[in-house]
Each structure stands twice: as structure tokens, then as C-alpha cells.
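[1] coords below, sequence missing:
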């Protein structure tokens with residue numbers, strides 16, 4: 001969740017996201033591929049980004065997810 005939230009918050013910037021998480025860029029690639037395998041949505045695609053962004057915002061509005 002943290003990796004995906006950070007990726008979305010940084011507009012999909014690989015370099016900035018990896019830096020904020022304190023991980024190597026390849027670790028980020030691995031994590032995003034794992035997210036795709038688990039959800040069936042590609043976080044780097046427009047439709048995947050939109051779906052995840054909407055889900056995070058809905059979860060935060062409902063009080064299910066921290067902001």
C-alpha cells in the first residue's frame with residue numbers, strides 16, 4: 001500500500017518514488033510488478049493509475065485508509 005500510494009503521490013515518477021521510499025529503483029519495479037500480479041491492474045498504465053487513485057481516495061473518504 002505504501003509503495004503504491006507513494007508512486008501515485010509522485011505522479012508515477014520512478015526516481016522520486018524510489019528515493020522517498022529509500023529503495024533501489026529495481027526494487028520499485030519488482031514491487032509494482034507484484035502489485036500488478038496481485039490485482040490484475042498495471043499501476044503504470046493510465047487505467048491502472050486511475051483505478052488505484054480512485055480507490056485510495058474512496059478509501060480515505062470512507063475512513064478505511066489513512067491519509
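    Great, that's in hand. Because the structure is predicted, anything quoted here is derived from the model rather than measured.
[2] Quick check: the residue lying closest to residue 1 once chain neighbours are set aside vs residue 55, distance?
    Sequence neighbours aside, residue 65 is the residue nearest to residue 1 in space, at 7.8 Å (criterion: Cβ to Cβ, 6 or more residues apart in numbering). Where you see a C-beta, it was placed from the backbone N, CA and C, and this is true even at glycine. Distance of residue 65 to residue 55, given as Cβ to Cβ, to the nearest Å: 9 Å.
[3] Check residue 25 too.
    For residue 25 relative to residue 55 (Cβ to Cβ), the value is 25 Å.
[4] Look at these two and report which has more neighbours.
    Taking other Cβ atoms under 10 Å, residue 25 and residue 55 do not tie; residue 55 has more neighbours (16 against 12).
[5] quick one: which helix or strand includes the more buried one?
    helix 46-61 (DSSP states H and E).
[6] if you go through this protein in chain order, where are the helices?
    Using DSSP state H, the helices of the chain run over 2-9, 14-21, 25-39, 46-61.
[7] helices or strands up against the third one?
    Judged by 3 or more Cβ pairs under 8 Å, 6 or more residues apart in numbering; DSSP states H and E, helix 25-39 is in contact with helix 2-9, helix 14-21.
[8] Looking at these, which is nearest to residue 61?
    helix 2-9 (14.8 Å; Cβ to Cβ).
[9] what comes up buried for stretch 31-51?
    With burial defined by 16 or more other Cβ atoms under 10 Å, the residues of stretch 31-51 counted as buried are 31-32, 35, 42-43, 48-49.
[10] Among these, which pair sits farthest apart?
    The largest separation in the buried residues of stretch 31-51, counting by Cβ to Cβ, is between 31 and 49 at 15.2 Å.
[11] Give me the contact list for stretch 6-13.
    16-17, 20-21, 28, 32, 43-44, 49, 52-53, 56 (Cβ atoms under 8 Å, 6 or more residues apart in numbering).
[12] same question, stretch 33-44
    The contact list for stretch 33-44 (Cβ under 8 Å, 6+ apart) reads 3-4, 7-8, 12, 32, 47-49, 51-52.
[13] Swap in 7 Å and give it another go.
    By Cβ atoms under 7 Å, 6 or more residues apart in numbering, the residues outside stretch 33-44 that reach it are 4, 7, 12, 32, 48-49, 51-52.
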